[in-house]
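A.B. asks: Sequence and predicted structure, then a few things I'm wondering about:
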Amino acid sequence: MPEEEWDALTKGVAQFNEGLFFECHDTLEEIWSGMRGPSRDFFQGLIQVAVGFYHLGNGNRPGAITLLHRALARLERYPARYAGVELDPLRDAVVERLAGLESGAAALSRPPTIVVSEGKPE
C-alpha cells in the first residue's frame, strides 16, 4: 500500500474512532477520488460506513440504513483483514446496528471501533 493511502487510512480511522464521521469521510474521500484498482471499493465502503454513522448522528435513520447497507455490499468482497483493517468485527457491528435500526430500536449505542493492525501492510 502506498504511503499516501496508508496515511489517509490511519488518519480516517482515527477520526472515525473519535466520532468525527464527517471528517473521516473527507479524509478518505480525498484519497479515494483518485484511486484505481482493488482498494477503491474498500475505501468507498469505509466512507459509506462513516457517512452512515454521520446520518445516524443527525437523526437521518433512512439515510443511515441506506448507506450502511451499501457499505456492507462493498466490504463483503474483502477478506477478514484488508489493508491492515480488521473487517469482520466492523461488518458484524454494522450488521448488528442495521438489525436494530430496521427493527425500530433506539440507535443511541456507541458506534463500532475500526481496528487497524500495527504497521503499514505491503
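C.D. replies: That came in fine, so what should we check first? Please read all numbers here as calculations on a predicted model, not as lab measurements.

A.B. asks: How about the contacts made by the residue nearest the centre of the chain?
C.D. replies: Closest to where the C-alpha atoms of the chain average out (C-alpha atoms, centre = their mean) is L46, at 2.8 Å. Counting by C-beta atoms under 8 Å, 6 or more residues apart in numbering, L46 touches 9, 12-13, 16, 24, 28, 71, 75, 85, 114. Every residue, glycine included, has its C-beta placed from N, CA and C.

A.B. asks: so how far is F16 from it?
C.D. replies: 8 Å (C-beta to C-beta, to the nearest Å).

A.B. asks: got a pLDDT number for L9?
C.D. replies: You'll see L9 listed with a pLDDT of 93.

A.B. asks: Quick check: which element contains it?
C.D. replies: For L9, the enclosing helix or strand under DSSP states H and E is helix 3-17.

A.B. asks: how far does that helix sit from the chain's center?
C.D. replies: 11 Å (C-alpha atoms, centre = their mean, to the nearest Å).

A.B. asks: returning to that earlier point: which neighbours do L46 and F16 share?
C.D. replies: With C-beta under 8 Å, 6+ apart, L46 and F16 have common neighbours 24, 114.

A.B. asks: pLDDT value on the residue nearest to the centre of the chain, please?
C.D. replies: So, for L46, pLDDT stands at 97.

A.B. asks: With A106 instead?
C.D. replies: Taking A106 on its own, its pLDDT is 61.

A.B. asks: How about E122?
C.D. replies: Value for E122, per-residue pLDDT: 59.

A.B. asks: heads up, I number from 28, so please use that
C.D. replies: Fine by me, first position is 28 from now on; the one you just mentioned is E149.

A.B. asks: Top of the contacts of L73 by number of neighbours, please.
C.D. replies: Most neighbours among these, by other C-beta atoms under 10 Å: L55, with 29 neighbours.

A.B. asks: Correct me if wrong: it contacts I74.
C.D. replies: Yes: in this structure, L55 is within contact of I74 by C-beta atoms under 8 Å, at 4.9 Å.

A.B. asks: ranges for the strands of the protein?
C.D. replies: 108-109, 112-113 (DSSP state E).

A.B. asks: So which residues of this structure form helices?
C.D. replies: 30-44, 48-59, 66-84, 88-102, 114-129 (DSSP state H).
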